[in-house]
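Q: Need coordinates for the below:
(one chain, ligands or ions: 1)
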Amino acid sequence: MAQPSEKRILDKVCKSVETYDSVLMEKSLKEAFDAGIPPGDIMASGLGKGMEAVGKKFDAGRIFLPQVMAASAVVNLAMEKLSPFLDSDDKKYRGTVVMGSVQGDIHEIGKNVCCAMLRGAGYKVIDLGSDVSPYSFIEAAKSNSADIIAGSALMTTTLQMQKAMVRAADEEKYSVLMIFGGAPCTKEWVKSIGGDGYSSSGAEIVKLVESLLGDAQ
Ligand code: B12
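A: Below you'll find the predicted structure:
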C-alpha cells in the first residue's frame, strides 16, 4: 500500500488545529513521525499553518475566542510532544538566539514556530516564553553570550515594546543583533526603531538569521 504523502499528513496536522481536534492531532502527529517528517516542518507547515487559518477566521468574525483558545490548546499539546525532538545538548550550534514574546504580550504560537524553525536549522534557542521585559531579554542574552535577540509582538499596543528593547540595549551599552516580527510588525517599523532584521514568517526567519550571522548555506 502506498504511503500517504508528506503533504497529506501535514494537511491533517493543519486540519486538527483548525477543527480543535486533539485526537486527530495525536494521530496525524504519529503519522508524521513515522514518515520521518522533520519537527520544524510539522510546526511550520502543519500546526503553524492551522493556526494562521484560525487567525484569519477569527479576524473575519467567523469564529470566536473560545474556538481560538481550543485551537491554541491543540497546538500547545502538540508542542509538548514535539519539543523533545527539537533540541539536543550535544550538538554544535551555528549560533545562539534568545527569543521571547515582548512584555505585555501573551501570544506565543508564532514565536514557538520561529523557535522550532531555528532549532531545526541548528541554532541554539533560549526561549524565554511570553510577557518578557526588555531587561530580561538583555540579561538572558548576556548570560548565554547570544548572537541575536528576537522579540515577537502580536498587538499594535505591544509593538512599542520592541522599540523599548532597542532602547534598553542602547542604555546598557550592550551591542547585540536584534530582530523582530509578529503580525503587526513590518520591515519599515523595524528599520525605524533601529532593529537589525525582520521576517514575516517562521520559514523566513532562518534565512534572516543566516544572513545576519554570515553563515548562509
Ligand atoms: C491565537 C490568538 C490568541 C490566543 C493566544 C494563544 C497563545 N498561547 O499564543 C489567546 C486566545 C490567548 C489570545 C489572547 C488575546 N488576544 Co489574540 N489573537 C490570536 C490570533 C487569533 C492568532 C495569533 C496566532 O497564533 N497566529 C498564528 C501564528 C503562527 O502566526 P503569527 O503569530 O503571526 O507568527 C508568525 C509571524 O508573525 C512571524 N513571527 C512571529 N513572531 C516573530 C518574531 C520574530 C523575531 C520574527 C522574525 C518573526 C515572527 O513568524 C510566525 C510564524 O510564521 C490573532 C489574530 C491574528 N490574525 O493574528 C489574535 C490577536 C493577535 N489577538 C488580539 C487581542 C486583542 C487579544 C487579547 C487582548 C484579547 C482579549 N480581549 O483578552 C488577548 C491578549 C492578552 C495579552 N496581554 O497578550 C488582537 C490584537 C489586536 C491589536 N491590538 O493589534 C488580534 C490581532 C485579534 C484581533 N483581530 O483583534 N489571542
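Q: Next, count neighbours for residue 167.
A: Applying the criterion other Cβ atoms under 10 Å, we find 13 residues in the vicinity of residue 167. Where C-beta positions appear, they are placed from N, C-alpha and C, glycine not excepted.
Q: Please list the residues of this protein that sit near the ligand.
A: 48, 51-52, 55, 58-59, 65, 68-69, 72, 104-111, 113-114, 150-152, 154-157, 179-184, 199, 201-202, 205 (Cβ under 6 Å from any ligand atom).
Q: what do you get if the cut-off is 5 Å, keeping everything else the same?
A: 48, 51-52, 55, 58-59, 68-69, 72, 105-111, 113-114, 150, 152, 154-156, 179, 181-183, 199, 201-202, 205 (Cβ under 5 Å from any ligand atom).
Q: just the helices in this protein please.
A: Along the chain, the stretches classed as helices by DSSP state H are 6-18, 22-34, 39-41, 49-59, 65-82, 109-120, 134-143, 156-171, 187-192, 202-213.
Q: ok and the longest one relative to helix 49-59, angle-wise?
A: Using axes from the mean of the first three to the mean of the last three Cα atoms, to 10 degrees, the interaxial angle of helix 65-82 with respect to helix 49-59 works out to 170 degrees.
Q: Was I right to think residue 134 contacts residue 165?
A: Yes - Residue 134 lies in contact with residue 165 (Cβ atoms under 8 Å); the separation is 4.4 Å.
Q: Tell me which of the helices of the chain sits most buried.
A: helix 109-120 (a mean of 26; mean count of other Cβ atoms under 10 Å).
Q: any residues touching that one, and which ones?
A: Contact with helix 109-120 is made by 38-41, 43-44, 47-48, 51, 72, 75, 79, 82, 86-87, 97, 99-101, 125, 127, 130, 150, 152, 154, 181-183, 202-203, 205-206, 209, as judged by Cβ atoms under 8 Å, 6 or more residues apart in numbering.
Q: Quick check: residue 213 vs residue 203, distance?
A: 18 Å (Cβ to Cβ, to the nearest Å).
Q: cool, residue 116 as well?
A: 11 Å.
Q: quick one, domains of this structure?
A: Using automatic domain parsing, the domain ranges for the chain come out as 6-85, 96-213.
Q: Worst mean pLDDT among these?
A: Among the domains of the chain, domain 6-85 has the lowest mean pLDDT, at a mean of 90.
Q: Distance check, residue 133 against the ligand.
A: 14 Å (Cβ to the nearest ligand atom, to the nearest Å).
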